[in-house]
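**Q** One predicted model, sequence on top.
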Amino acid sequence: MSQPDVLIIGSGIAGATTALSLAQNPRLDITLITRDPDPCESNTRYAQGGIIGRGPDDKAE
């Protein structure tokens, strides 16, 4: 069994985005693993409305 160039653990927003971005390089062998048989099953799925972005005028408090 060969080893991938990149091993991504987790299929949430960070893992999926990283895999998608790295897949643009056809020379990389990328493996994404997740604990659930359904790759859409992640904490990100349940955090809808809980993920926000900080605007340039927002205060940290």
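**A** Received it, and whenever you're ready, just let me know what you need. Residues are numbered from 1 along each chain as shown.
**Q** wait, isn't residue 11 in contact with residue 32?
**A** Yes: at 6.1 Å, residue 11 counts as touching residue 32 under the criterion of Cβ atoms under 8 Å. All C-beta atoms are positioned from the backbone trio N, CA, C, and that covers glycine.
**Q** Need phi/psi at the residue nearest the centre of the chain.
**A** Per Cα atoms, centre = their mean, the C-alpha nearest to the average position across the chain is that of residue 15, at 1.8 Å. Per-residue torsions, residue 15: phi -70, psi -40 (degrees, to the nearest 10).
**Q** Just the pLDDT for it.
**A** For residue 15, the pLDDT comes out at 90.
**Q** what's it in contact with, if anything?
**A** The neighbours of residue 15, taking Cβ atoms under 8 Å, 6 or more residues apart in numbering as the test, are 8, 9, 32, 34, 42.
**Q** let's see 6 Å
**A** Counting by Cβ atoms under 6 Å, 6 or more residues apart in numbering, residue 15 makes contact with residue 8.
**Q** Kindly report the same for residue 22.
**A** Here residue 22 is in contact with 6, 28, 30 (Cβ under 6 Å, 6+ apart).
**Q** what's the neighbour count on the first one?
**A** Put plainly, it is residue 6. 14 (other Cβ atoms under 10 Å).
**Q** wait, isn't it in contact with residue 29?
**A** No: at 7.5 Å, residue 6 does not count as touching residue 29 under the criterion of Cβ atoms under 6 Å.
**Q** sorry, back to before: can you tell me how far the residue nearest to the centre of the chain is from residue 43?
**A** 11 Å (Cβ to Cβ, to the nearest Å).
**Q** In three-state terms, how would residue 55 be classified?
**A** Following DSSP: H, G, I helix; E, B strand; the rest coil, the label given to residue 55 is coil.
**Q** For residue 1, see how far away it is.
**A** Residue 55 sits 47 Å away from residue 1, going by Cβ to Cβ.
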